[in-house]
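Student: Pasted the sequence and its predicted model underneath.
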2 protein chains.
Amino acid sequence: MDIVIGIDIGGTKTKIGLVDKNGKCHVKTFFRTKEFPNLDDYLDNIKKTADDLVKSLDKKVNVLGCGIGAPNASSKNGTIENASNLLWKGSVPILEKLKERMPMPMRIMNDASAAALGEMLFGRGRNMTDFIVITLGTGFGAGIVANGQLIDGYDGFAGELGHVDMTIGDGRLTGLGVRGGLEAYVSATGLKRTIMYMLSKYMVDSRFKDVAYNNLHGEDITKAAEEGDIIAQKAFDYTAKIMALALANFTAFTQPEAFILMGGLTNSGKWIKEPLEKYFNDYLLEVYKGKVKLLESGMDGKTAAICGAAALIWEIEIV
Amino acid sequence: MDIVIGIDIGGTKTKIGLVDKNGKCHVKTFFRTKEFPNLDDYLDNIKKTADDLVKSLDKKVNVLGCGIGAPNASSKNGTIENASNLLWKGSVPILEKLKERMPMPMRIMNDASAAALGEMLFGRGRNMTDFIVITLGTGFGAGIVANGQLIDGYDGFAGELGHVDMTIGDGRLTGLGVRGGLEAYVSATGLKRTIMYMLSKYMVDSRFKDVAYNNLHGEDITKAAEEGDIIAQKAFDYTAKIMALALANFTAFTQPEAFILMGGLTNSGKWIKEPLEKYFNDYLLEVYKGKVKLLESGMDGKTAAICGAAALIWEIEIV
C-alpha cells in the first residue's frame, strides 16, 4: 500500500499519521511540541515517531513522501518564520533539516493552506475549482483555491487573512500588532475579547460578570448562549457579523463558489452559523448574492490537519 | 501579419484597435458609446468599425480573434451585467450577439482583468507570476494574477475590490451602495468627495471653497496641491493612506510580487505616489515588508485598454 506521512505542527501538539490516496488516515499519534525546545531533538523525534508508525502497520507500506502543515510556514522557502506559538525563533529551515533525516519527497505549507489542499483532494472541495477554507481556532487562518490551484503567493505567504485590517487602522490589535485585524474579532480569542467588550457596553445580568478573562472558554460561551445569557448571545452575533463582512469582502477577491469552515469556533452550533448566513447574504454585492455557499468541512476533524498535510504529496502523485 | 481586434467598451468611448503579438497597436479609433442606445445598432457599428480598421492597414492581415474589455463583464457567461455607466440594462449577452456578426474566436472580460492580462503578456508583468493590476479612474478596478494565471472567479466576477468594505459597515457609500467601500475613497470620485470632507474638517484657506462639487476635476486638485493648497494636499494624503491600507490588506490575500498602478489618478505625480509608498510599507505585515513593489504600468496609457482586451486572444495563441 502506498502511503504519505502527514505531519501537523502545532504550538501544543505535533500530530503524525499515515494517509492513503483516498485520504484515509490508517494510524496516527502525537507528542507535545514544547517537550523539544531544541530543534534537532524535535526533528529526531519526528523521524523516530514516523518510523514507529510505519512499523506498526501490519501490511507492507511504500512511503511516497512527507507533507507538513505548520503555522507561518513558507512553501517556497521550506521554512517556518517567526511563528509566535513555537519555541524556535527566526527563520527555521525545517524542510532541509528534516530531509537530512528522512530523505524522501517533502513539502511544507502553512496549516490553513494544507487544510485547503486536504479539502480539495479528500473533502468538500473535490468538485470545486474556486473555494476558500477558513480555519477558526485560537487564530484565524485561510487557504485559497482559485482556478483549481492553491494560491501560494510570491513568497509562499498567501492567505494571511487574519491580519487584514477591517477598520481603517482603528480598533483592536491582533497578536501581530495589526490594528483592527480580523483575527482580533473572529477567532476563539476574539470571541473572549468580545465578551469583555459586551460587558463594557451593556448593564445586564450575565454569568460572565463572575469569570475572569483567563478563565473564559469557548464552550462555556456556547453553553451560556444556549441558556439565554444576553452577553454571550450578543458576543456571538457581533462575531458572526464581522466574520460575514470579512467573507463578503473576500468574495470580491477571488469569487469563490464556497467558503469551507473548520476549527473549534465552528462547533458553536447555531450561534455562529445562523447569524453568519444572514449577515453574509446581506453584505454580499448584488452580483454575488445567492452564489456563494457556506459549508462545513467534509473531513473528520480529528485527522483533518494530518490529511491536509499529506495532501501536499498526494496532490503531486494524483495529478 | 497576424493581428487581434481589441475592443475597450467604456461608458463614454468605445475604443477599437488592431494589436500584434508583441502588443503593438498598429491602428486604432473610437466612437461614442452613448450614440448607440440600441444594442443591435451598437454591435453593427463595432463590426463596421473593425472592418474599416482591417481594410485601412496596407499589408494583408490575418485576424485571429477579438478580445473585449468591459465594465461588469463576466468572462464565464460572456455577458455584461448591470453596468451602471452603460445604457443597456440587465444581463447583456454581448459575446453571443457580436459573434453572430463577427464569427471568430472571441472573449470578454472585465476591463481591469483585461488590463492585467495585457501587463502579463506585454507590460510589467512579463516576468512575474503573482501581481495585481489596480486601475484608478472614475472607479477602482483590480485584475489579479496568481500562480501565473488570471484569477477569474467561480462566475467570472473576481477582483471587484472597489467594493470591499474598509470600515466594518460604517462610512461612505459606493455607487453600488456598499457602505465604507474602497472606491468611495480611492478613485477620482473618491478624491473629490475627500475634498468636501477636508473642507468640512478644516478652517483653512483653499481655492476649493469657491468650486462646486460638480466643477471639481482631478487635474485641478493636483495643480492646487502643487501650489500649496492645504486642502488638496490633505485630500491626497488621506486618499493615499486608505489606498495603502487597502493594498496592504490585498497583499495578505495572494501575496503579489507587485501592484501595477494605472489610470487617471496615477497621473497625480508625487501627490499619490510618495505618501502611498510610505504608508504602504508602514501597513504591511512584517512577513511581507520590503517584498512588494509598487510599479507604474509598463503599457502606453493611450492603448493599454485596447492591448489588454487583445491579450485575451493572444494569451491563448501564445501559450
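Tutor: That came through, no problem.
Student: Indicate the residue of the stretch 1-150 of chain A located nearest to chain B.
Tutor: A:Asp130 (4.3 Å; Cβ to the nearest Cβ). For glycine as for every other residue, the C-beta is placed from the backbone atoms N, C-alpha and C.
Student: Please name the spatially closest residue to that residue (chain neighbours excluded).
Tutor: B:Tyr154 (4.3 Å; Cβ to Cβ, 6 or more residues apart in numbering or on different chains).
Student: Doesn't that neighbour lie inside a strand?
Tutor: No: under DSSP: H, G, I helix; E, B strand; the rest coil, B:Tyr154 falls outside any strand and is assigned coil.
Student: wait, doesn't it sit right on A:Thr251?
Tutor: No: the criterion here is Cβ atoms under 8 Å, and B:Tyr154 misses it with A:Thr251 at 9.4 Å.
Student: which residues are in contact with both of these two?
Tutor: Each of A:Val292 lies in contact with both B:Tyr154 and A:Thr251 under the rule Cβ atoms under 8 Å, 6 or more residues apart in numbering or on different chains.
Student: Between the two, point out the one with more neighbours.
Tutor: A:Thr251 (28 against 21; other Cβ atoms under 10 Å in any protein chain shown).
Student: Which phi and psi values does that one adopt?
Tutor: Main-chain torsions, A:Thr251, degrees, to the nearest 10: phi -60, psi -40.
Student: now swap in A:Val204 and tell me
Tutor: In terms of degrees, to the nearest 10, the main-chain angles of A:Val204 are phi -120, psi 160.
Student: Please determine how far it is located from A:Phe30.
Tutor: Between A:Val204 and A:Phe30 the distance is 42 Å, computed by Cβ to Cβ, to the nearest Å.
Student: Pick out whichever of those two has more residues nearby.
Tutor: The residue with more neighbours, out of A:Val204 and A:Phe30, is A:Phe30; 15 against 12, by other Cβ under 10 Å.
Student: The host helix or strand of A:Val54 - contacts with which helices or strands?
Tutor: Element membership for A:Val54 (DSSP states H and E) is helix A:39-56. Judged by 3 or more Cβ pairs under 8 Å, 6 or more residues apart in numbering or on different chains; DSSP states H and E, helix A:39-56 is in contact with strand A:2-9, strand A:13-19, strand A:25-32, helix A:94-101.
Student: Report the buried residues of the shortest one.
Tutor: In terms of neighbour count (16 or more other Cβ atoms under 10 Å in any protein chain shown), strand A:13-19 has its buried residues at A:Thr14, A:Lys15, A:Ile16, A:Gly17, A:Leu18, A:Val19.
Student: A:Leu136 touches A:Thr266, doesn't it?
Tutor: Yes: between A:Leu136 and A:Thr266 there is a contact under Cβ under 8 Å: 5.7 Å.
Student: So the two - more neighbours on which side?
Tutor: The neighbour comparison of A:Leu136 against A:Thr266 (other Cβ under 10 Å) goes to A:Leu136, with 26 against 19.
Student: related to what we said a few turns ago, could you report the neighbour count for the residue of the stretch 1-150 of chain A closest to chain B?
Tutor: Neighbour tally, A:Asp130, other Cβ under 10 Å: 23.
Student: what sits against it?
Tutor: Contacts of A:Asp130 by Cβ under 8 Å, 6+ apart are A:Val145, A:Ala146, A:Asn147, A:Gly148, A:Thr254, A:Gln255, A:Pro256, A:Glu257, B:Gly153, B:Tyr154.
Student: Quick check: A:Gly143 is in a helix.
Tutor: No: counting by three-state DSSP, A:Gly143 is not part of a helix but strand.
Student: Model confidence at it, what's the number?
Tutor: The score at A:Gly143 is 95. That number is its pLDDT.
Student: For A:Thr135, see how far away it is.
Tutor: Distance from A:Gly143 to A:Thr135, by Cβ to Cβ: 8 Å.
Student: Need the overlap of contacts for the two.
Tutor: A:Ala112, A:Ala115.
Student: Now the nearest residue to A:Gly153 once chain neighbours are set aside, what are its backbone angles?
Tutor: Nearest residue to A:Gly153 in three dimensions, chain neighbours excluded: B:Gln255, at 2.6 Å (Cβ to Cβ, 6+ apart). Dihedral angles of B:Gln255 (phi, psi; degrees, to the nearest 10) stand at phi 40, psi 70.
Student: List the residues that contact A:Ser91.
Tutor: Applying Cβ under 8 Å, 6+ apart, the residues near A:Ser91 are A:Asn77, A:Thr79, A:Ile80, A:Glu81, A:Asn82.
Student: Compile the residues you listed into a markdown table and extend it with columns for neighbour count and pLDDT.
Tutor: Below are the contacts of A:Ser91 laid out as a markdown table (neighbours: other Cβ atoms under 10 Å in any protein chain shown; pLDDT from 0 to 100):
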| residue | neighbour count | pLDDT |
| --- | --- | --- |
| A:Asn77 | 16 | 91 |
| A:Thr79 | 20 | 94 |
| A:Ile80 | 24 | 93 |
| A:Glu81 | 18 | 88 |
| A:Asn82 | 16 | 81 |
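Student: Am I right that A:Met1 is in contact with A:Asn62?
Tutor: Yes: shown here, A:Met1 and A:Asn62 form a contact pair, counting by Cβ under 8 Å, at 7.0 Å.
Student: more crowded one of these two?
Tutor: Using other Cβ under 10 Å, the more surrounded residue of A:Met1 and A:Asn62 is A:Met1, with 11 against 8.
Student: pLDDT below threshold where in chain A?
Tutor: Applying pLDDT under 70 to chain A flags residues A:168-171, A:176-177, A:319.
Student: again, only using 80
Tutor: A:84-85, A:166-180, A:264, A:267, A:317-319 (pLDDT under 80).
Student: Show me the beta-bridge partners of the residue most central in space within it.
Tutor: Centroid-nearest residue in chain A: A:Thr135, 3.4 Å away (criterion: Cα atoms, centre = their mean). Taking DSSP bridges as the rule, A:Thr135 bridges to A:Gly141, A:Met262.
Student: How about the contacts made by it?
Tutor: A:Thr135 neighbours (Cβ under 8 Å, 6+ apart): A:Asp111, A:Ala112, A:Ala115, A:Gly141, A:Ala142, A:Gly143, A:Met262, A:Gly263.
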